[in-house]
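> sequence first, predicted coordinates after that:
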Amino acid sequence: MLIAPSVLVSIVLWAAFVACIDSPPAEGTRTARIVARWDPLACGTPHRVAIELADEEGSPISSSAPCTAGGLELEAPHHGVYQGRVYAWTAGQPIRSIMPARLVVDEAVVRWVVATPE
């Protein structure tokens, strides 16, 4: 006898949940995920790989990961052209293997293969 009301409540809750996660993003908020990868076998001595990018307005995004991880992810606030650098660094030492970077972000997920900074 109590099965019908609980099933009805369950259906309503699931419908509301699906409506929330299935709605398209608001106009103008096209964020993107940048998935950067490199060869972890070419890392040499232990260090981190850092990626620093900025959009055309100068808004920065950056992240770093151990070289042996083989990659990292960045959240771009919008689509567009990002410029910056990829480099290797170890705490207490100057950065090295600096490589300029230019990346066009025009999809929800951008896969980017970078040379392994040593």
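All right, it came through fine. Residues are numbered from 1 along each chain as shown.

> can you tell me the closest non-neighbouring residue to the residue nearest the centre of the chain?
For the chain, the residue lying nearest the average C-alpha position, counting by C-alpha atoms, centre = their mean, turns out to be residue 74 (2.5 Å). The shortest distance from residue 74 to any non-neighbouring residue, by C-beta to C-beta, 6 or more residues apart in numbering, is to residue 34 (4.2 Å). (C-beta placed from N, C-alpha, C; glycine too.)

> please identify the helix or strand for the one you found.
Taking DSSP states H and E as the criterion, residue 34 maps to strand 32-37.

> which is the next helix or strand following that strand?
Using DSSP H and E, the helix or strand that follows strand 32-37 towards the C-terminus is strand 48-54.

> rounded mean pLDDT for that following strand, please.
Average pLDDT, strand 48-54: 97.

> can you give the contact residues for it?
With contacts defined as C-beta atoms under 8 Å, 6 or more residues apart in numbering, strand 48-54 is touched by 34, 36, 38, 60-67, 72, 74, 76, 82-90, 95, 101, 103, 114, 116-117.

> which parts of that strand are buried?
Within strand 48-54, the residues scored as buried using 16 or more other C-beta atoms under 10 Å are 48-53.

> between these, which is nearest residue 42?
Using C-beta to C-beta, residue 49 is the member of those that sits closest to residue 42, with 11.0 Å.

> partner residues bridging residue 65?
residue 49 (DSSP bridges).

> so it is in contact with residue 72, correct?
Yes: Residue 65 is within contact range of residue 72, at 4.0 Å (criterion: C-beta atoms under 8 Å).

> more crowded one of those two?
Neighbour tally, residue 65 and residue 72, criterion other C-beta atoms under 10 Å: the higher count belongs to residue 72, 20 against 16.

> OK, contacts around residue 66?
When contacts are counted by C-beta under 8 Å, 6+ apart, residue 66 touches 46-49.
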